[in-house]
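>>> Could you look at this predicted model? Sequence included:
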Amino acid sequence: MVDIGYLYILPLVAGSVYLLFKLLLSQNLGRKRPFDNEYTNLFYNLADVAPFKWFIEENPKHIKALTMNHLIKEASLDKTLDYKSATALQFILLFVGVLGFLLINIALEPIINVFSFLLNLDAADLIGDLSTMNQIRIVAVVIFVIPALLIKPYLKQKAKKNEISFIKDLPLLQLFIILMLKSDRTINEVMYVSSTTKSTYQRTFQQAYLIYLRNPEEAFDYLEEVFDGTRLIDTVYTLRDFPEYDKAESIQALENNQEEIEEFTKQARKKAEAGKNMMATVSMTFPFLAVLALGAAPLAYWALGMISTSI
């Protein structure tokens with residue numbers, strides 16, 4: 001029969017879960033609703049109570065909070081979650097993952113014993129040696145614990161995808177602005193029509209137009225912030241100073257900038273394609289990495305065996 005020494009962990013796990021829920025229920029959970037999603041609203045409120053708040057930086061201007069919020073904004077998820085709710089979600093996933101891993105360890109050997117009894121087989125014949133048991137535990141770690149570590153990589157991937165999507169239509173936006181100005185439209189009309197035309201940039205110009213009605217200079221400051229790092233920033237500068245310079249010269253400057261924007265977009269697409277090719281190459285190396293992992297498996301089994309012995 002397989003040793004069932006892990007069963008003594010069961011009351012410890014049950015007691016820990018009970019104390020955690022008792023701690024949560026002893027506190028007043030807020031009812032703030034800063035997001036569109038009910039679940040992330042729940043995570044946001046959980047972030048203000050123990051034990052979640054122990055792992056969350058309270059200062060919203062802390063570098064950790066600012067970095068995460070910036071990444072969430074680049075991923076276009078700022079209406080769904082923020083640093084607090086994302087960290088609370090990560091804590092929940094990690095807690096559930098660790099709990100699931102412990103339950104697998106507790107239940108694995110008794111389940112094997114039950115099946116060996118029902119099938120009238122020796123447990124060793126049913127599951128194999130210790131290495132097979134440890135393989136199951138390693139798989140359990142991957143299944144239950146790894147998801148908690150994937151939130152930030154997911155946000156980075158989505159932010160990169162949004163960046164490419166945002167850049168690829170810049171030449172069309174530039175051409176649209178040039179044609180509007182050539183047809184004697186004012187800057188106010190350019191802002192308004194851009195805010196009502198369905199495109200990648202409609203939301204940006206909707207915000208810019210609302211600001212423009214109140215303070216044109218602030219509107220251009222906003223557009224400079226949005227398009228910073230792209231060649232369209234020169235177009236924003238030209239639009240800001242458009243009333244002060246000759247119309248023909250300004251339009252000519254915009255047409256000259258059209259070529260630079262097209263080249264910028266082309267290079268960005270090449271870079272994105274190179275990234276996709278790299279990911280494809282990495283995925284092709286997975287079989288070789290699996291072989292290396294199998295080679296390192298005995299060391300992992302030995303470490304798990306040492307942990308089991310020490311417990």
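Thanks, I have it.

>>> ranges for the helices of this structure?
Assigned by DSSP state H, the chain shows helices spanning 9-25, 38-46, 63-74, 83-118, 123-127, 130-144, 151-168, 170-182, 187-196, 202-214, 216-226, 233-240, 247-284, 286-310.

>>> Tabulate the ones you listed (a markdown table), appending distance to Trp54 and mean pLDDT.
Just so you know, the C-beta spots here come from the backbone N, C-alpha and C atoms, and that holds for glycine as well. Formatted as a markdown table, these follow (distance: least, C-beta to C-beta, whole Å; pLDDT from 0 to 100):
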| stretch | distance to Trp54 | mean pLDDT |
| --- | --- | --- |
| helix 9-25 | 11 | 76 |
| helix 38-46 | 12 | 88 |
| helix 63-74 | 14 | 89 |
| helix 83-118 | 9 | 78 |
| helix 123-127 | 39 | 54 |
| helix 130-144 | 22 | 65 |
| helix 151-168 | 18 | 85 |
| helix 170-182 | 45 | 92 |
| helix 187-196 | 44 | 93 |
| helix 202-214 | 37 | 93 |
| helix 216-226 | 35 | 93 |
| helix 233-240 | 43 | 92 |
| helix 247-284 | 36 | 75 |
| helix 286-310 | 26 | 51 |
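
>>> Just give me the neighbour total for Lys188.
You called it Lys, but residue 188 is Asn. 12 (other C-beta atoms under 10 Å).

>>> Would you check how far apart the residue nearest to it when sequence neighbours are not counted and Met191 are?
Once flanking residues are discounted, Asn188 sits nearest to Tyr212: 7.0 Å by C-beta to C-beta, 6 or more residues apart in numbering. According to C-beta to C-beta, to the nearest Å, Tyr212 stands 5 Å off from Met191.

>>> who has more neighbours, these two?
Taking neighbours as other C-beta under 10 Å, Tyr212 and Met191 compare with Met191 leading, 25 against 22.

>>> List the contacts of the more buried one.
The neighbourhood of Met191, defined by C-beta atoms under 8 Å, 6 or more residues apart in numbering, consists of Phe205, Ala208, Tyr209, Tyr212, Ala219.

>>> coming back round to it: which residues do Tyr212 and Met191 both contact?
Joint contacts of Tyr212 and Met191 (C-beta under 8 Å, 6+ apart) are Ala219.

>>> For Asp184, see how far away Phe176 is.
Using C-beta to C-beta, Phe176 is found at 15 Å from Asp184.

>>> More neighbours: which of the two?
Using other C-beta under 10 Å as the criterion, Phe176 and Asp184 rank with Phe176 on top: 17 against 8.
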